[in-house]
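Asks: fold the following, please.
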Amino acid sequence: MYVLCNTKLNNMKKSLTLCAILICCVATQAVSRGCRIDTATTYSTRYTAPNIAPEYRYIYSYDTKDSLIRRYSENYDLTVSLWKPNTQKIYVYNTSGKFTEFYEEYWESASNLWRKSSRTSFIYNAAGKESEILRQTGSGLPTNVWVNSVKEDFSYDANGNKTNAQYSRWNTTTNAWVGESKQEQIFNAQNLATKITGSRWDVASNSWVFQDEIDFTYSTSKKPLTEQNSTWQTATSSWIKSRAITTTYNAADLEESKVYANWNAVSATFVPIYLYENMYDANNNNIQLLIKQWNTSTNVYDNHRKFTSTFDINNNKTSDLNQLWDAASSSYVNQYRGLLSYYPSNLIKQIMYQDWDVASANWLNSSQYHSQYNTNDELVLQTNEFDWNIAQNKYLSKDSTEYNCAKTNVGITDTRIDKAFQLYPNPVNAGILFVKSNQQSDYILYDISGKAVQNGALNAGENKLTLVVEAGIYFMFSEGSTQKIVVQ
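Replies: So this is what the prediction gives:
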(Lines give C-alpha, C1' and ligand atoms only; values in the text may rest on other atoms or scores of the structure.)
Protein backbone atom coordinates (compact mmCIF):
# COMPACT_ATOMS: atom_id res chain seq x y z
CA MET A 1 0.00 0.00 0.00
CA TYR A 2 1.33 3.45 -0.91
CA VAL A 3 0.45 6.65 0.92
CA LEU A 4 0.85 10.07 -0.68
CA CYS A 5 2.11 13.21 1.04
CA ASN A 6 1.11 16.69 0.03
CA THR A 7 4.74 17.73 -0.30
CA LYS A 8 8.01 15.90 -0.45
CA LEU A 9 10.17 16.16 2.65
CA ASN A 10 13.01 18.56 2.00
CA ASN A 11 15.01 17.53 5.04
CA MET A 12 15.53 13.80 4.75
CA LYS A 13 17.42 13.62 8.05
CA LYS A 14 14.50 12.20 9.97
CA SER A 15 12.94 10.18 7.15
CA LEU A 16 14.36 6.91 5.94
CA THR A 17 11.51 6.32 3.56
CA LEU A 18 10.67 8.46 0.57
CA CYS A 19 7.78 10.75 1.49
CA ALA A 20 5.51 9.37 -1.20
CA ILE A 21 6.84 5.83 -1.22
CA LEU A 22 6.20 3.37 1.55
CA ILE A 23 8.15 0.21 0.88
CA CYS A 24 5.64 -2.51 0.28
CA CYS A 25 7.22 -5.91 0.06
CA VAL A 26 8.74 -8.18 2.69
CA ALA A 27 12.35 -9.04 1.99
CA THR A 28 13.96 -12.35 2.85
CA GLN A 29 15.60 -12.12 6.27
CA ALA A 30 18.43 -14.06 7.80
CA VAL A 31 17.77 -15.25 11.35
CA SER A 32 19.22 -12.68 13.73
CA ARG A 33 19.63 -12.41 17.46
CA GLY A 34 18.16 -9.76 19.70
CA CYS A 35 20.29 -7.13 21.35
CA ARG A 36 19.03 -5.86 24.68
CA ILE A 37 20.02 -2.23 24.38
CA ASP A 38 21.65 -0.78 27.47
CA THR A 39 22.87 2.52 26.02
CA ALA A 40 22.29 4.39 22.78
CA THR A 41 24.56 7.38 22.17
CA THR A 42 24.11 9.87 19.34
CA TYR A 43 27.01 11.91 17.96
CA SER A 44 26.80 14.86 15.57
CA THR A 45 29.31 16.19 13.05
CA ARG A 46 28.87 19.48 11.20
CA TYR A 47 31.06 21.01 8.52
CA THR A 48 31.38 24.23 10.53
CA ALA A 49 32.62 22.20 13.52
CA PRO A 50 34.12 19.02 12.06
CA ASN A 51 35.03 17.40 15.37
CA ILE A 52 32.68 14.60 16.37
CA ALA A 53 30.76 15.66 19.47
CA PRO A 54 28.34 13.69 21.66
CA GLU A 55 24.82 15.07 21.50
CA TYR A 56 22.61 12.92 23.71
CA ARG A 57 22.30 9.36 24.99
CA TYR A 58 19.72 6.99 26.42
CA ILE A 59 20.45 4.55 29.23
CA TYR A 60 18.08 1.61 29.77
CA SER A 61 17.35 -0.41 32.91
CA TYR A 62 15.62 -3.81 33.02
CA ASP A 63 14.10 -6.09 35.62
CA THR A 64 15.03 -9.74 36.15
CA LYS A 65 12.69 -10.73 33.30
CA ASP A 66 14.45 -8.34 30.90
CA SER A 67 11.44 -6.03 30.76
CA LEU A 68 12.31 -2.37 30.32
CA ILE A 69 11.63 -0.46 33.55
CA ARG A 70 13.50 2.82 32.99
CA ARG A 71 14.72 4.90 30.06
CA TYR A 72 16.99 7.70 31.18
CA SER A 73 18.31 10.38 28.81
CA GLU A 74 21.17 12.82 29.09
CA ASN A 75 22.38 15.73 26.99
CA TYR A 76 26.07 16.43 26.56
CA ASP A 77 27.23 19.85 27.75
CA LEU A 78 30.19 20.83 25.57
CA THR A 79 31.08 23.79 27.77
CA VAL A 80 31.98 21.55 30.72
CA SER A 81 32.38 18.24 28.83
CA LEU A 82 29.83 16.48 31.02
CA TRP A 83 26.62 14.49 30.56
CA LYS A 84 23.65 16.19 32.23
CA PRO A 85 20.21 14.74 33.10
CA ASN A 86 17.40 15.44 30.65
CA THR A 87 14.42 13.06 30.98
CA GLN A 88 13.45 9.73 32.47
CA LYS A 89 10.58 7.38 31.66
CA ILE A 90 9.48 4.73 34.15
CA TYR A 91 7.55 1.58 33.17
CA VAL A 92 5.44 -0.39 35.69
CA TYR A 93 3.96 -3.88 35.08
CA ASN A 94 1.45 -6.13 36.80
CA THR A 95 2.06 -9.81 37.56
CA SER A 96 0.80 -10.75 34.08
CA GLY A 97 3.47 -8.61 32.46
CA LYS A 98 1.02 -5.93 31.28
CA PHE A 99 1.69 -2.23 31.71
CA THR A 100 -0.14 -0.66 34.62
CA GLU A 101 1.49 2.71 34.01
CA PHE A 102 4.37 4.53 32.46
CA TYR A 103 5.30 8.09 33.25
CA GLU A 104 7.85 10.62 32.11
CA GLU A 105 9.69 13.30 34.04
CA TYR A 106 12.19 15.92 32.95
CA TRP A 107 15.08 17.34 34.90
CA GLU A 108 14.82 20.94 36.04
CA SER A 109 18.35 22.13 36.65
CA ALA A 110 17.28 25.29 38.49
CA SER A 111 15.66 23.29 41.28
CA ASN A 112 17.67 20.06 40.85
CA LEU A 113 14.40 18.13 40.80
CA TRP A 114 12.58 15.74 38.48
CA ARG A 115 9.51 17.56 37.22
CA LYS A 116 6.46 15.48 36.28
CA SER A 117 5.60 15.64 32.59
CA SER A 118 3.07 12.97 31.57
CA ARG A 119 1.65 9.69 32.87
CA THR A 120 -0.51 6.98 31.32
CA SER A 121 -2.25 4.39 33.54
CA PHE A 122 -4.10 1.22 32.52
CA ILE A 123 -6.92 -0.81 34.06
CA TYR A 124 -7.86 -4.25 32.70
CA ASN A 125 -11.04 -6.30 32.86
CA ALA A 126 -11.26 -9.96 33.92
CA ALA A 127 -10.34 -11.06 30.38
CA GLY A 128 -7.14 -9.01 30.49
CA LYS A 129 -8.39 -6.36 28.08
CA GLU A 130 -7.99 -2.63 28.60
CA SER A 131 -11.10 -1.23 30.21
CA GLU A 132 -9.67 2.20 31.01
CA ILE A 133 -6.71 4.35 30.01
CA LEU A 134 -6.04 7.44 32.09
CA ARG A 135 -3.73 10.19 30.86
CA GLN A 136 -2.36 12.83 33.20
CA THR A 137 0.04 15.76 33.02
CA GLY A 138 2.32 17.34 35.58
CA SER A 139 1.07 20.36 37.54
CA GLY A 140 4.47 22.00 37.57
CA LEU A 141 6.37 23.33 40.53
CA PRO A 142 5.95 23.84 43.39
CA THR A 143 3.18 21.19 43.81
CA ASN A 144 4.60 18.80 41.16
CA VAL A 145 1.62 16.42 41.22
CA TRP A 146 -0.32 14.53 38.53
CA VAL A 147 -3.39 16.27 37.11
CA ASN A 148 -6.13 14.44 35.17
CA SER A 149 -6.27 15.19 31.44
CA VAL A 150 -7.99 12.55 29.27
CA LYS A 151 -9.72 9.25 30.04
CA GLU A 152 -10.68 6.45 27.64
CA ASP A 153 -13.21 3.75 28.62
CA PHE A 154 -13.71 0.57 26.58
CA SER A 155 -16.26 -2.22 26.39
CA TYR A 156 -16.20 -5.50 24.44
CA ASP A 157 -18.50 -8.14 23.03
CA ALA A 158 -18.40 -11.85 23.88
CA ASN A 159 -15.69 -12.42 21.26
CA GLY A 160 -13.42 -9.78 22.71
CA ASN A 161 -14.05 -7.19 20.00
CA LYS A 162 -13.93 -3.60 21.18
CA THR A 163 -17.48 -2.38 20.61
CA ASN A 164 -17.35 0.94 22.42
CA ALA A 165 -14.63 3.50 23.12
CA GLN A 166 -15.55 6.66 24.99
CA TYR A 167 -13.22 9.63 25.41
CA SER A 168 -13.66 12.11 28.25
CA ARG A 169 -11.73 15.22 29.26
CA TRP A 170 -11.16 16.48 32.80
CA ASN A 171 -12.91 19.71 33.69
CA THR A 172 -10.66 21.58 36.11
CA THR A 173 -13.50 23.93 37.11
CA THR A 174 -15.95 21.21 38.19
CA ASN A 175 -13.29 18.57 38.92
CA ALA A 176 -15.30 16.05 36.92
CA TRP A 177 -15.00 14.08 33.68
CA VAL A 178 -16.90 15.50 30.71
CA GLY A 179 -17.77 13.34 27.72
CA GLU A 180 -16.08 14.45 24.51
CA SER A 181 -16.48 11.75 21.86
CA LYS A 182 -17.20 8.06 21.47
CA GLN A 183 -16.85 5.36 18.86
CA GLU A 184 -19.12 2.34 18.51
CA GLN A 185 -18.29 -0.68 16.36
CA ILE A 186 -20.35 -3.57 15.00
CA PHE A 187 -18.65 -6.83 14.01
CA ASN A 188 -19.69 -9.71 11.77
CA ALA A 189 -19.35 -13.43 12.46
CA GLN A 190 -15.70 -13.29 11.33
CA ASN A 191 -14.98 -10.58 13.94
CA LEU A 192 -14.45 -7.95 11.26
CA ALA A 193 -15.77 -4.45 11.87
CA THR A 194 -18.69 -3.76 9.52
CA LYS A 195 -19.73 -0.39 10.95
CA ILE A 196 -17.98 2.31 12.97
CA THR A 197 -20.11 5.15 14.30
CA GLY A 198 -18.61 8.27 15.83
CA SER A 199 -20.48 10.65 18.12
CA ARG A 200 -19.68 13.81 20.05
CA TRP A 201 -21.05 15.04 23.33
CA ASP A 202 -23.38 18.00 22.91
CA VAL A 203 -23.37 20.19 26.02
CA ALA A 204 -26.49 22.12 25.02
CA SER A 205 -28.69 19.03 24.75
CA ASN A 206 -26.70 17.05 27.31
CA SER A 207 -26.65 14.07 24.95
CA TRP A 208 -24.58 12.23 22.37
CA VAL A 209 -24.96 13.48 18.79
CA PHE A 210 -23.95 11.45 15.73
CA GLN A 211 -20.97 12.79 13.81
CA ASP A 212 -19.68 10.29 11.23
CA GLU A 213 -20.08 6.68 10.20
CA ILE A 214 -18.09 4.15 8.15
CA ASP A 215 -19.50 0.94 6.63
CA PHE A 216 -17.23 -1.91 5.48
CA THR A 217 -17.61 -5.01 3.34
CA TYR A 218 -15.05 -7.79 2.95
CA SER A 219 -14.02 -10.55 0.57
CA THR A 220 -14.21 -14.22 1.46
CA SER A 221 -10.53 -13.96 2.45
CA LYS A 222 -11.45 -11.18 4.91
CA LYS A 223 -9.90 -8.39 2.90
CA PRO A 224 -11.67 -5.01 2.63
CA LEU A 225 -13.75 -4.53 -0.52
CA THR A 226 -15.64 -1.32 0.17
CA GLU A 227 -15.49 1.48 2.69
CA GLN A 228 -18.27 4.06 2.68
CA ASN A 229 -18.12 7.20 4.81
CA SER A 230 -21.15 9.23 5.85
CA THR A 231 -21.70 12.35 7.92
CA TRP A 232 -24.66 13.12 10.16
CA GLN A 233 -26.97 15.96 9.15
CA THR A 234 -28.60 17.36 12.27
CA ALA A 235 -31.15 19.39 10.33
CA THR A 236 -32.62 16.33 8.60
CA SER A 237 -31.61 13.75 11.24
CA SER A 238 -30.14 11.56 8.52
CA TRP A 239 -26.85 10.22 7.22
CA ILE A 240 -25.39 11.84 4.09
CA LYS A 241 -22.83 9.90 2.07
CA SER A 242 -19.44 11.59 1.76
CA ARG A 243 -16.69 9.28 0.47
CA ALA A 244 -16.17 5.73 -0.76
CA ILE A 245 -13.17 3.46 -1.32
CA THR A 246 -13.46 0.35 -3.49
CA THR A 247 -10.68 -2.24 -3.67
CA THR A 248 -10.13 -5.16 -6.06
CA TYR A 249 -7.63 -8.02 -5.84
CA ASN A 250 -5.83 -10.22 -8.34
CA ALA A 251 -5.75 -14.03 -8.49
CA ALA A 252 -3.04 -14.06 -5.80
CA ASP A 253 -5.33 -11.99 -3.56
CA LEU A 254 -2.98 -9.00 -3.79
CA GLU A 255 -4.41 -5.50 -4.05
CA GLU A 256 -4.88 -4.73 -7.73
CA SER A 257 -6.78 -1.46 -7.73
CA LYS A 258 -8.28 1.06 -5.36
CA VAL A 259 -10.75 3.79 -6.30
CA TYR A 260 -11.35 6.85 -4.14
CA ALA A 261 -14.59 8.71 -4.78
CA ASN A 262 -16.57 11.60 -3.30
CA TRP A 263 -20.36 11.81 -3.08
CA ASN A 264 -22.04 14.24 -5.44
CA ALA A 265 -25.33 15.37 -3.96
CA VAL A 266 -26.59 16.79 -7.26
CA SER A 267 -26.19 13.60 -9.26
CA ALA A 268 -26.68 11.41 -6.18
CA THR A 269 -23.66 9.30 -7.20
CA PHE A 270 -20.06 8.77 -6.15
CA VAL A 271 -17.65 10.65 -8.44
CA PRO A 272 -14.13 9.17 -8.75
CA ILE A 273 -11.12 11.17 -7.54
CA TYR A 274 -8.14 8.83 -7.73
CA LEU A 275 -7.43 5.39 -9.14
CA TYR A 276 -4.51 3.35 -7.76
CA GLU A 277 -3.30 0.45 -9.93
CA ASN A 278 -0.67 -2.01 -8.70
CA MET A 279 1.57 -4.39 -10.63
CA TYR A 280 3.55 -7.34 -9.21
CA ASP A 281 6.38 -9.56 -10.38
CA ALA A 282 6.41 -13.37 -10.33
CA ASN A 283 7.43 -13.29 -6.65
CA ASN A 284 4.49 -11.03 -5.76
CA ASN A 285 6.75 -8.04 -5.18
CA ASN A 286 4.93 -4.75 -5.80
CA ILE A 287 6.96 -3.35 -8.72
CA GLN A 288 4.72 -0.51 -9.85
CA LEU A 289 1.96 1.76 -8.66
CA LEU A 290 0.15 4.06 -11.06
CA ILE A 291 -1.95 6.86 -9.61
CA LYS A 292 -4.49 8.40 -11.95
CA GLN A 293 -6.71 11.41 -11.35
CA TRP A 294 -10.30 11.67 -12.54
CA ASN A 295 -10.91 14.41 -15.09
CA THR A 296 -14.45 15.75 -14.60
CA SER A 297 -14.36 17.46 -18.00
CA THR A 298 -13.54 14.36 -20.05
CA ASN A 299 -14.86 11.78 -17.58
CA VAL A 300 -11.71 9.69 -17.89
CA TYR A 301 -8.66 9.10 -15.69
CA ASP A 302 -5.55 11.18 -16.44
CA ASN A 303 -2.06 10.00 -15.55
CA HIS A 304 -0.79 11.62 -12.37
CA ARG A 305 2.11 9.82 -10.67
CA LYS A 306 4.11 6.60 -10.99
CA PHE A 307 6.13 4.67 -8.42
CA THR A 308 8.49 1.97 -9.64
CA SER A 309 10.41 -0.52 -7.49
CA THR A 310 13.11 -3.09 -8.24
CA PHE A 311 14.14 -6.16 -6.24
CA ASP A 312 17.17 -8.46 -6.12
CA ILE A 313 17.12 -12.27 -6.32
CA ASN A 314 16.45 -12.42 -2.56
CA ASN A 315 13.36 -10.20 -2.97
CA ASN A 316 15.11 -7.33 -1.22
CA LYS A 317 13.99 -3.98 -2.55
CA THR A 318 16.89 -2.25 -4.31
CA SER A 319 15.28 0.94 -5.58
CA ASP A 320 12.22 3.17 -5.40
CA LEU A 321 11.53 5.74 -8.12
CA ASN A 322 8.93 8.51 -7.93
CA GLN A 323 7.84 10.16 -11.20
CA LEU A 324 5.23 12.82 -11.96
CA TRP A 325 3.21 12.98 -15.17
CA ASP A 326 4.07 15.93 -17.42
CA ALA A 327 1.18 16.74 -19.74
CA ALA A 328 3.31 18.98 -21.98
CA SER A 329 5.72 16.16 -22.91
CA SER A 330 3.17 13.37 -22.39
CA SER A 331 5.68 11.49 -20.26
CA TYR A 332 6.62 10.77 -16.66
CA VAL A 333 9.32 13.07 -15.23
CA ASN A 334 11.71 11.99 -12.48
CA GLN A 335 11.13 13.46 -9.01
CA TYR A 336 13.22 11.56 -6.45
CA ARG A 337 14.44 8.03 -5.71
CA GLY A 338 15.88 5.76 -3.03
CA LEU A 339 18.66 3.22 -3.62
CA LEU A 340 19.14 0.33 -1.20
CA SER A 341 22.02 -2.13 -0.70
CA TYR A 342 22.38 -5.15 1.58
CA TYR A 343 24.90 -7.30 3.38
CA PRO A 344 25.21 -10.98 2.33
CA SER A 345 22.95 -11.79 5.32
CA ASN A 346 20.20 -9.65 3.66
CA LEU A 347 20.40 -7.06 6.41
CA ILE A 348 20.12 -3.59 4.96
CA LYS A 349 23.45 -1.84 4.54
CA GLN A 350 22.72 1.54 3.00
CA ILE A 351 19.87 3.71 1.75
CA MET A 352 20.69 6.66 -0.47
CA TYR A 353 18.16 9.33 -1.39
CA GLN A 354 18.50 11.49 -4.47
CA ASP A 355 16.53 14.32 -6.08
CA TRP A 356 16.22 14.84 -9.82
CA ASP A 357 17.80 18.08 -11.02
CA VAL A 358 15.97 19.29 -14.13
CA ALA A 359 18.63 21.82 -15.13
CA SER A 360 21.48 19.31 -15.29
CA ALA A 361 19.27 16.28 -15.99
CA ASN A 362 21.13 14.38 -13.25
CA TRP A 363 20.40 12.82 -9.88
CA LEU A 364 21.70 14.89 -6.95
CA ASN A 365 22.36 13.38 -3.52
CA SER A 366 19.98 14.35 -0.75
CA SER A 367 20.88 12.10 2.19
CA GLN A 368 22.12 8.61 2.95
CA TYR A 369 21.79 6.17 5.79
CA HIS A 370 24.20 3.37 6.75
CA SER A 371 23.80 0.47 9.20
CA GLN A 372 26.49 -1.67 10.79
CA TYR A 373 26.08 -4.96 12.62
CA ASN A 374 28.29 -7.20 14.72
CA THR A 375 28.95 -10.87 14.05
CA ASN A 376 25.61 -11.77 15.68
CA ASP A 377 23.74 -9.57 13.19
CA GLU A 378 22.94 -7.10 15.96
CA LEU A 379 22.58 -3.46 14.99
CA VAL A 380 25.48 -1.57 16.60
CA LEU A 381 25.81 1.64 14.58
CA GLN A 382 23.51 3.85 12.50
CA THR A 383 24.87 6.76 10.51
CA ASN A 384 22.84 9.37 8.69
CA GLU A 385 24.49 11.93 6.39
CA PHE A 386 22.59 14.91 5.00
CA ASP A 387 22.94 18.53 3.80
CA TRP A 388 24.59 17.62 0.48
CA ASN A 389 26.83 20.39 -0.89
CA ILE A 390 27.08 20.32 -4.68
CA ALA A 391 30.14 22.57 -4.91
CA GLN A 392 32.13 20.54 -2.38
CA ASN A 393 30.64 17.22 -3.51
CA LYS A 394 30.07 15.97 0.02
CA TYR A 395 27.58 15.87 2.90
CA LEU A 396 28.03 18.67 5.41
CA SER A 397 26.24 17.00 8.34
CA LYS A 398 26.29 13.59 9.93
CA ASP A 399 24.51 12.00 12.89
CA SER A 400 25.62 8.64 14.28
CA THR A 401 24.00 6.48 16.94
CA GLU A 402 25.92 3.72 18.73
CA TYR A 403 23.99 0.87 20.35
CA ASN A 404 25.70 -0.93 23.23
CA CYS A 405 24.35 -4.22 24.50
CA ALA A 406 25.36 -6.02 27.66
CA LYS A 407 23.14 -9.00 26.90
CA THR A 408 21.95 -10.85 23.82
CA ASN A 409 18.59 -12.63 23.68
CA VAL A 410 17.53 -15.18 21.09
CA GLY A 411 14.93 -13.36 18.98
CA ILE A 412 13.86 -9.74 19.15
CA THR A 413 11.04 -10.22 21.61
CA ASP A 414 10.86 -9.23 25.23
CA THR A 415 10.75 -12.28 27.50
CA ARG A 416 7.81 -10.84 29.39
CA ILE A 417 5.05 -11.26 26.82
CA ASP A 418 1.63 -12.79 27.28
CA LYS A 419 1.24 -13.47 23.55
CA ALA A 420 -1.47 -10.84 23.11
CA PHE A 421 0.11 -10.25 19.69
CA GLN A 422 2.93 -11.65 17.58
CA LEU A 423 5.20 -9.85 15.11
CA TYR A 424 7.06 -10.92 11.99
CA PRO A 425 9.43 -10.47 10.33
CA ASN A 426 11.61 -9.00 13.06
CA PRO A 427 13.89 -7.29 12.14
CA VAL A 428 11.70 -5.47 9.60
CA ASN A 429 13.59 -5.00 6.36
CA ALA A 430 11.10 -3.52 3.92
CA GLY A 431 8.71 -1.32 5.83
CA ILE A 432 6.07 -4.06 6.16
CA LEU A 433 5.25 -5.67 9.50
CA PHE A 434 2.72 -8.45 10.04
CA VAL A 435 0.99 -8.45 13.42
CA LYS A 436 -1.08 -11.41 14.55
CA SER A 437 -3.40 -10.24 17.30
CA ASN A 438 -5.55 -12.38 19.54
CA GLN A 439 -8.22 -9.68 19.57
CA GLN A 440 -9.36 -6.43 18.05
CA SER A 441 -7.28 -3.70 19.68
CA ASP A 442 -5.29 -0.51 19.17
CA TYR A 443 -1.51 -0.22 19.00
CA ILE A 444 1.07 2.50 19.58
CA LEU A 445 4.60 2.43 18.19
CA TYR A 446 7.26 4.21 20.24
CA ASP A 447 10.77 5.08 19.12
CA ILE A 448 13.83 4.54 21.26
CA SER A 449 13.35 7.91 22.96
CA GLY A 450 9.83 6.98 24.05
CA LYS A 451 8.09 9.24 21.53
CA ALA A 452 4.91 7.86 19.95
CA VAL A 453 5.59 7.79 16.21
CA GLN A 454 2.69 5.74 14.84
CA ASN A 455 -0.61 4.31 16.02
CA GLY A 456 -3.59 2.49 14.62
CA ALA A 457 -6.04 -0.38 14.99
CA LEU A 458 -5.51 -4.14 14.88
CA ASN A 459 -8.14 -6.66 13.87
CA ALA A 460 -8.28 -10.08 15.45
CA GLY A 461 -6.03 -12.32 13.36
CA GLU A 462 -3.32 -11.24 10.95
CA ASN A 463 -2.75 -7.56 10.21
CA LYS A 464 -0.41 -6.03 7.64
CA LEU A 465 1.09 -2.71 8.77
CA THR A 466 3.19 -0.25 6.80
CA LEU A 467 5.71 1.34 9.15
CA VAL A 468 6.23 4.98 8.25
CA VAL A 469 9.40 5.33 10.32
CA GLU A 470 13.14 5.53 9.89
CA ALA A 471 15.39 2.57 10.64
CA GLY A 472 16.07 1.93 14.31
CA ILE A 473 14.75 0.34 17.49
CA TYR A 474 11.04 0.62 18.34
CA PHE A 475 8.57 -0.72 20.88
CA MET A 476 5.01 -1.69 19.94
CA PHE A 477 2.43 -1.44 22.70
CA SER A 478 -1.01 -3.07 22.53
CA GLU A 479 -3.42 -4.38 25.15
CA GLY A 480 -0.92 -3.86 27.96
CA SER A 481 1.87 -5.79 26.25
CA THR A 482 4.96 -4.51 24.54
CA GLN A 483 7.40 -5.98 22.04
CA LYS A 484 10.64 -4.65 20.66
CA ILE A 485 10.97 -4.17 16.88
CA VAL A 486 14.09 -3.55 14.85
CA VAL A 487 13.40 -1.62 11.63
CA GLN A 488 16.20 -1.74 9.07
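Asks: go through the longest strand along the chain and flag the buried ones.
Replies: Assignment by DSSP state E gives strand 394-409 as the longest strand of the chain. Neighbour-count burial for strand 394-409 flags 395, 397-403, 405 (criterion: 16 or more other Cβ atoms under 10 Å). From N, CA and C alone the C-beta is placed, and that goes for glycine too.
Asks: next secondary structure after that strand?
Replies: Per DSSP states H and E, the first helix or strand lying C-terminal to strand 394-409 is strand 421-424.
Asks: on that earlier part again, can you give the strand pairings for the longest strand of the chain, parallel or anti for each?
Replies: strand 34-46 (antiparallel), strand 379-389 (antiparallel) (DSSP bridges).
Asks: rounded mean pLDDT for that strand, please.
Replies: Across strand 394-409, pLDDT averages out at 80.
Asks: circling back: any idea which of the strands paired with strand 394-409 scores lowest on pLDDT?
Replies: Comparing mean pLDDT across the strands paired with strand 394-409, the weakest is strand 34-46, with a mean of 78.
Asks: identify each buried residue in whichever helix or strand comes after that one, please.
Replies: On the C-terminal side of strand 34-46, the closest following helix or strand by DSSP H and E is strand 49-62. Residues 54-60, 62 are the ones in strand 49-62 that count as buried (16+ other Cβ under 10 Å).
Asks: same check, this time on stretch 111-129
Replies: Result for stretch 111-129 [16+ other Cβ under 10 Å]: buried residues 114-122, 124, 128-129.
Asks: so residue 88 is in contact with residue 61, correct?
Replies: No: with contacts counted by Cβ atoms under 8 Å, residue 88 stays clear of residue 61, the gap being 9.7 Å.
Asks: need the max-distance pair from the buried residues of strand 49-62.
Replies: 55 and 62 (24.4 Å; Cβ to Cβ).
Asks: can you pull out the strands in the stretch 251-400 of the chain?
Replies: Taking DSSP state E, counting those that start in this stretch, the strands of the stretch 251-400 of the chain run over residues 255-264, 269-280, 286-295, 300-311, 317-326, 331-342, 348-357, 362-373, 379-389, 394-409.
Asks: and those: which comes nearest residue 135?
Replies: Nearest to residue 135, of these and by Cβ to Cβ, is strand 394-409 at 29.3 Å.
Asks: residue 144: how many residues sit nearby?
Replies: The number of residues packed near residue 144 is 15, by other Cβ atoms under 10 Å.
Asks: residue 375 too?
Replies: Going by other Cβ under 10 Å, the residues that sit close to residue 375 add up to 5.
Asks: mind checking pLDDT for it?
Replies: pLDDT, residue 375: 83.
Asks: mind listing what's buried along stretch 342-359?
Replies: Applying 16+ other Cβ under 10 Å to stretch 342-359 flags 342, 346-349, 351-356 as buried.
Asks: just to revisit the earlier point, quick one: the longest strand of the chain to strand 362-373, angle?
Replies: 30 degrees (axes from the mean of the first three to the mean of the last three Cα atoms, to 10 degrees).
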